[in-house]
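# Just the structure for this:
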Amino acid sequence: MERFSVIFERIYQHLPALLSLFVVILIIIIFLHTIKYRKKAAQIANPTALLNLDSSNLPGKLKGKLQRPITLEAEERINISVDTSFYGLTPLNSSEGETLMDIVAVTGLAGHAYGSWRNKESFAMWLHDFLPYDFKNCRIMTYGYGLDLKKEGRILDHAKMFLAQLNTARRSSQEKRRPIIFIGHSLGGILILQMLLHAKDDQFFNGQTILKATKGLILFGTPYQGMNVSALEDMVKDISTNEDPQRLLKQLEENSEFLERQRENLIQILYGLRICSFYELDETKEVKKNSSTQAWDRSGKSIQMVKLISAQLFLPTEYRMPVAQNHTDMVKFNTPADRTYQQVVARIREHISNIG
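Numbering: from 1, shown residues only. Next comes the predicted model:
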């Protein structure tokens, strides 16, 4: 009897993990049946579905598989890639009826294409949980580009890749004509602007089609004239021996030559384009090396990460709006009633009405 009680006790302890494994198996079975009985052309090159799982309850072996493609043998060969990085374009909804517009969001420096938009208290991710209900006939996507400060990488290279991904997602003649609104946070806004500059002269990826389809920009804390990167430079010196990340931060520092050239080149393509620039009011804690753990975290002094004058373009068609949050939290809305979220909704509705 005691032996059976021990067995039941062990089963009870592993019940959350077993339930999580059962859910994954069930989803794969449903997916296979969907492929068999209903083949539907994907809206973008790689069909993607969002799946929310609490990875803390998953068995160790299964956690590892979340990072790698899983190949299943059925009537036809199917590769399912369960991705936690969200690199590239990820659709966040299925639009109802005719899709009137694409809304593409780009996260900031070393950000996560899903997690960086997610509220810390409610865990709501407004691009996925709020926006699709306000704009049911829009396709909403988030873009991740995996810029790691410990590794080398140029903004221009990421801008070229972003443009190529957009063209892959907009292949049909109808999709190419579909208007686009870009939403960017911090470096994500710079990446969007660099992509548009590259699109203007692009001859290989139909860049001018993307530029022509762009109807509006909604940018949060975008450092048009640079940002405070001194603490980030100290961190990179400590964790990396590569000089290229230093070069990247030099491009983003206040009054950098790179950003000055960008502002001059943007005048032509931004003329007449509706832009909404949100700027932070609260200070943000700098990164600092913890003397106890030797890890870098946000425990440093509070600073204005992107100053007021740097977060605005001062163009005639620019709508400028303050956000009573710090640089990190200014894009993490708790509820649909959030005042900044309501401003975003209002700006998108203006864009749609102007198109119509």
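# Lowest-scoring secondary structure element of this structure by mean pLDDT?
helix 60-65 (a mean of 43; mean pLDDT, DSSP states H and E).
# Tell me which stretches of this structure form helices.
For the chain, the helices defined by DSSP state H occupy 2-13, 15-37, 60-65, 126-129, 131-134, 155-169, 173-177, 187-201, 207-213, 230-239, 244-252, 257-270, 339-355.
# quick one: contacts for N206?
N206 makes contact with N167, K176, according to Cβ atoms under 8 Å, 6 or more residues apart in numbering. In short, each C-beta sits where N, CA and C put it, glycine included.
# From P322, how far off is it?
37 Å (Cβ to Cβ, to the nearest Å).
# Now do the same contact list for Y114.
Neighbouring residues of Y114 by Cβ under 8 Å, 6+ apart: F86, T90, M125, H128, T142, G144.
# Next step: those residues restricted to strands.
T90, T142, G144 (DSSP state E).
# Am I right that the second one is in contact with Y87?
No: counting by Cβ atoms under 8 Å, T142 stays clear of Y87, with 10.6 Å between them.
# Show me which of those two is the more surrounded one.
Neighbour comparison, T142 and Y87: the larger count goes to T142, with 25 against 14 (by other Cβ atoms under 10 Å).
# L127 is in contact with Y341, correct?
No: applying Cβ under 8 Å, one finds Y341 not in contact with L127, separated by 10.4 Å.
# what about these two, which has more around it?
The neighbour count for Y341 versus L127, taken as other Cβ under 10 Å, is higher for L127 (25 against 18).
# Can you check which residues contact both of T142 and Y87?
What both T142 and Y87 touch, as defined by Cβ under 8 Å, 6+ apart, is the set A113.
# K160: what's it in contact with?
Contacts for K160 (Cβ under 8 Å, 6+ apart) come out as M195, H198.
# Tell me how far it lies from T340.
Plainly put, K160 is 31 Å away from T340 if you go by Cβ to Cβ.
# Low-confidence bits of the protein, can you list those?
Residue ranges of the chain with pLDDT under 70: 1-24, 26-83, 148-153, 205, 241-246, 356.
# OK, contacts around the residue minimising distance to the centre of it?
In the chain, the C-alpha nearest the mean C-alpha coordinate belongs to A113, at 2.9 Å (Cα atoms, centre = their mean). Applying Cβ under 8 Å, 6+ apart to A113 gives the contacts S85, F86, Y87, T90, A105, T107, T142, Y143, G144.
# buried subset of those residues?
Neighbour-count burial (16 or more other Cβ atoms under 10 Å) is assigned, among those, to F86, T90, A105, T107, T142, Y143, G144.
# Pretty sure G144 is one of the things the first one touches, is it not?
Yes: using Cβ under 8 Å, F86 is in contact with G144, at 4.2 Å.
# any residues in contact with both of the two?
The overlap between the contact sets of F86 and G144 (Cβ under 8 Å, 6+ apart) consists of H112, A113, Y114.
# now, which of those sits nearest E254?
E254 has its nearest neighbour among the shared contacts of F86 and G144 in H112, at 25.7 Å by Cβ to Cβ.
# If we ignore the residues flanking it in sequence, what's nearest G272?
Sequence neighbours aside, T317 is the residue nearest to G272 in space, at 6.2 Å (criterion: Cβ to Cβ, 6 or more residues apart in numbering).
# Near the one you found, how many other residues are there?
So T317, with other Cβ under 10 Å, has 13 neighbours.
# What of the one 5 residues further on?
Applying the criterion other Cβ under 10 Å, we find 13 residues in the vicinity of P322.
# swap in I275?
For I275, using other Cβ under 10 Å, the count is 20.
# which residues sit in contact with it?
By Cβ under 8 Å, 6+ apart, I275 lies in contact with G216, L217, I218, L219, L313, L315, T317, E318, Y319.
# so what's H351 up against?
Contacts of H351 by Cβ under 8 Å, 6+ apart are M101, P179, I181, K215, G216, R274.
# What residues does the nearest residue to the second one once chain neighbours are set aside make contact with?
Counting by Cβ to Cβ, 6+ apart, the nearest residue to P179 once its immediate chain neighbours are dropped is K215, at 4.5 Å. Under the criterion of Cβ under 8 Å, 6+ apart, the neighbours of K215 are M101, P179, I180, I181, L273, R274, H351, N354, I355.
# measure the last one to M125 for me?
Yep, that's I355 we're talking about. According to Cβ to Cβ, I355 and M125 sit 26 Å apart.
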